[in-house]
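Student: okay, structure incoming, though there's no sequence with it:
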């Protein structure tokens with residue numbers, strides 16, 4: 001039997017991307033657990049419609065004023081792994097992050113590389129749109145990789161870490177119960193198009209292409225081959 005992979009997200013006013021986010025990532029996830037932070041633009045209604053289609057998404061409502069992502073994601077993560085013994089990995093995802101991998105089988109093989117007592121980490125790859133015309137297959141309309149200047153990994157959380165450790169805000173690292181950073185295995189993007197998978201980061205045509213580069217909104221991230229990280 002394969003691994004059970006779930007994602008956890010906290011979203012707010014994401015009606016421009018939320019449907020694509022769900023449909024795309026469910027190609028690789030078994031379940032998506034989404035906390036709606038008081039959206040007023042129809043995001044929650046879109047999620048409800050997707051759930052009514054029979055998609056394996058679970059919707060939670062948070063109406064607090066404070067952006068309490070760290071506490072809410074950690075709380076939900078621990079509740080889910082305590083209730084479901086089948087969960088093997090948790091992927092924290094923002095609504096503008098899409099996982100790109102050739103197949104679910106390949107993803108599970110890559111997860112096997114993480115090793116004992118480590119979490120996984122992956123880096124972003126950036127792309128810019130080549131057209132502002134609508135295209136449902138939007139990932140085909142982008143330039144070559146954009147240079148990344150900041151080291152901003154996202155975590156992939158094995159079950160043991162979900163039970164005993166906590167993510168920090170942004171889900172870039174995890175801390176153990178003593179407050180120490182958890183060791184990781186880093187998945188990094190190759191500089192070529194080979195047999196390995198990778199995540200990509202792209203930008204929404206029409207919404208962000210008119211903004212300066214430092215303000216453009218990423219909607220996709222991902223990973224590839226592995227190396228050890230302390």
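Tutor: Thanks, I have the structure now. Quantities reported herein were computed from a predicted structural model and do not represent experimental measurements.
Student: so where's this protein uncertain?
Tutor: 1, 125-129, 134-139, 142, 144-151, 188-230 (pLDDT under 70).
Student: what ranges do the strands span in it?
Tutor: Counting by DSSP state E, the chain has strands at residues 4-11, 31-36, 57-61, 87-92, 119-122, 154-158, 166-167, 174-175, 184-188, 225-229.
Student: I'd like these as JSON lines, with distance to residue 67 and mean neighbour count appended.
Tutor: For the C-beta atoms, the positions are set from N, CA and C on the backbone; glycine is no exception. Output for these, formatted as JSON lines (distance: least, CB to CB, whole Å; neighbours: other CB atoms under 10 Å):
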{"stretch": "strand 4-11", "distance to residue 67": "8", "mean neighbour count": "22"}
{"stretch": "strand 31-36", "distance to residue 67": "11", "mean neighbour count": "21"}
{"stretch": "strand 57-61", "distance to residue 67": "15", "mean neighbour count": "15"}
{"stretch": "strand 87-92", "distance to residue 67": "15", "mean neighbour count": "23"}
{"stretch": "strand 119-122", "distance to residue 67": "23", "mean neighbour count": "25"}
{"stretch": "strand 154-158", "distance to residue 67": "18", "mean neighbour count": "24"}
{"stretch": "strand 166-167", "distance to residue 67": "15", "mean neighbour count": "22"}
{"stretch": "strand 174-175", "distance to residue 67": "19", "mean neighbour count": "18"}
{"stretch": "strand 184-188", "distance to residue 67": "25", "mean neighbour count": "21"}
{"stretch": "strand 225-229", "distance to residue 67": "28", "mean neighbour count": "14"}
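Student: with distance to residue 113 added, can I get these in TSV?
Tutor: Output for those, formatted as TSV (distance: least, CB to CB, whole Å):
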stretch	distance to residue 113
strand 4-11	15
strand 31-36	23
strand 57-61	28
strand 87-92	12
strand 119-122	8
strand 154-158	11
strand 166-167	21
strand 174-175	18
strand 184-188	6
strand 225-229	5
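Student: please name whichever of the ones you listed is nearest to residue 105.
Tutor: strand 4-11 (12.1 Å; CB to CB).
Student: okay, which residue is most central for this protein?
Tutor: When CA atoms, centre = their mean is applied to the chain, the residue found nearest the centroid is residue 93 (2.7 Å).
Student: and the gap between the closest residue to residue 24 other than its chain neighbours and residue 161?
Tutor: Distances taken as CB to CB, 6 or more residues apart in numbering place residue 98 nearest to residue 24, at 4.9 Å, with adjacent residues excluded. In this view, residue 98 and residue 161 are 23 Å apart by CB to CB, to the nearest Å.
Student: the residue nearest to the centre of the chain contacts residue 6, doesn't it?
Tutor: No. Using CB atoms under 8 Å, residue 93 is not in contact with residue 6, being 10.2 Å away.
Student: thinking again about what came up before, burial measure for the residue nearest to residue 24, as a count.
Tutor: Residues near residue 98, counting by other CB atoms under 10 Å, number 26.
Student: same check on residue 49?
Tutor: By other CB under 10 Å, the burial measure for residue 49, its neighbour count, is 12.
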